[in-house]
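1. Here is the input, now give the coordinates:
(2 chains)
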Number of protein chains: 2
Amino acid sequence: MSDGGAVGANPNLTWHAGVVGRVDRERLLGQRGGVVWLTGLSGSGKSTVARAVEERLVRAGRLAYVLDGDNVRHGLNSDLGFSPAERQENIRRIGEVAALMADAGLIVITAFISPYRADRERARSACRGSAFVEVYLDAPLAVCETRDPKGLYRRARQGEIAEFTGVSAPYEPPAAPELCLPTGRLSVTESAEAVIDCLRRQGVLGTSTAGR
Amino acid sequence: MSDGGAVGANPNLTWHAGVVGRVDRERLLGQRGGVVWLTGLSGSGKSTVARAVEERLVRAGRLAYVLDGDNVRHGLNSDLGFSPAERQENIRRIGEVAALMADAGLIVITAFISPYRADRERARSACRGSAFVEVYLDAPLAVCETRDPKGLYRRARQGEIAEFTGVSAPYEPPAAPELCLPTGRLSVTESAEAVIDCLRRQGVLGTSTAGR
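-> Numbers count the residues shown, from 1 in each chain, chains lettered A, B, ... in the order given. I've put the predicted structure just below:
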């Protein structure tokens, strides 16, 4: 980095040499940046699994962060409604934010229904350069509907929610996810450990012993 | 965290206890999450200072990341043009992404002209809960225009770029920035060290000796 002139005097000089990049941050953290993209019906356990994976990783000294409706829909995407175009834009932005955070070295875990294959593939493309682990939470609709923690299926069946995935809008299962979790029969622990095993196989957890 | 039932069987149980949060990540990193919001005219040195601060922090073992036009305009905000409304939306999203990254424990350095006070105040509000350090790169227009590394002032003067800040659109200086850098006379090193001193005073760098 040039140090001779005033700031910006010669940006071409100052931008080269010393600038740190993703490798430096990954070395600092002892992990690779990556994205765990959870997809599945409402009630399939995305948020629960996401939080369990995050907890295990952070307790093991890994830097992990969950993106979900709570922190995205009220902030970054608070301008978006639920039309098809807005749902697509919602997922597009989440993919781009996950890519930035993974570039910064984090293991990002996203928990969104993300029912369309094309939208998920676009997220994968945005995250090029980072590990991208698509995880399909494959619980039968009947199981998800029985859980119905927020009463959404009930409201969808009563026609109060339009285009509800699994009821009145399609869900396109991943064709070749990195991991498939039958969350109708797996416990939270089993599911979280399967995700972490997958991250280890993908080399995201580096060579240290943390995360085991 | 409940471990008895299948995933999502009782989300109310699984969300409580063991879930990690910002304090756990900050302990892991030995720093507080925060945002360094650089603002100033084109050519005032925002990108150069941002990269210099990032480099110093990462080399000192801090996790820092620059958000600038290179990684935001081509990805997250690639759908936005340059109308007043789109410029405002550009800054709004950047503020929200910076807030998410700071919540994840990072020191985020943003490098955007961000000429309007109201837009910067909105970013500060979005980052509530994290340190927010507004840094005004106060270089005289004449100096910035002389540097003109990308030839933008020349094109603006020739009428090829509409509403160019400082030429044909206003720049509203911060009323009470955490730091003011007269980058017309400071070197890159002096500027970067002033930012890092400011972060230290704000408690962002924690109690370790790194970053000194």
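2. all strands for chain A, in order.
-> Along chain A, the stretches classed as strands by DSSP state E are A:34-39, A:64-68, A:107-111, A:131-137, A:179-181.
3. So for chain B, which of the ones you listed sits nearest?
-> Nearest to chain B among those is strand A:64-68; the distance by C-beta to the nearest C-beta comes to 4.1 Å. The C-beta positions use only the backbone N, C-alpha and C, and glycine is treated the same way.
4. quick one: the residue nearest the centre of chain A and residue B:128, what's the gap?
-> Centroid-nearest residue in chain A: residue A:110, 2.3 Å away (criterion: C-alpha atoms, centre = their mean). Distance of residue A:110 to residue B:128, given as C-beta to C-beta, to the nearest Å: 23 Å.
5. Please find the angle between the direction vectors of the helix ranked longest in chain A and strand A:107-111.
-> Across chain A, the longest stretch assigned as helix under DSSP state H is helix A:84-103. Interaxial angle of helix A:84-103 relative to strand A:107-111 (axes from the mean of the first three to the mean of the last three C-alpha atoms, to 10 degrees): 160 degrees.
6. What is helix A:84-103 packed up against?
-> Under the contact criterion of 3 or more C-beta pairs under 8 Å, 6 or more residues apart in numbering or on different chains; DSSP states H and E, helix A:84-103 touches strand A:34-39, strand A:64-68, helix A:69-72, strand A:107-111, helix A:117-126, strand B:64-68, helix B:69-72, helix B:84-103.
7. Distance to residue B:188 and mean pLDDT added to those, as CSV?
-> Below are those laid out as CSV (distance: least, C-beta to C-beta, whole Å; pLDDT from 0 to 100):
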stretch, distance to residue B:188, mean pLDDT
strand A:34-39, 33, 98
strand A:64-68, 31, 96
helix A:69-72, 35, 89
strand A:107-111, 32, 98
helix A:117-126, 32, 97
strand B:64-68, 14, 96
helix B:69-72, 18, 89
helix B:84-103, 22, 96
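8. which stretch among the ones you listed comes nearest residue B:38?
-> Nearest to residue B:38 among the helices and strands packed on helix A:84-103 is strand B:64-68; the distance by C-beta to C-beta comes to 9.1 Å.
9. Partner strands of that closest one and their direction?
-> strand B:107-111 (parallel) (DSSP bridges).
10. if I pick the residue nearest to residue A:25 when sequence neighbours are not counted, what's in contact with it?
-> Leaving aside its sequence neighbours, residue A:25 sits nearest to residue A:105 (C-beta to C-beta, 6 or more residues apart in numbering or on different chains; 3.9 Å). Residue A:105 makes contact with A:22, A:25, A:26, A:28, A:29, A:31, A:33, A:63, B:63, B:65, according to C-beta atoms under 8 Å, 6 or more residues apart in numbering or on different chains.
11. No further questions, thank you.
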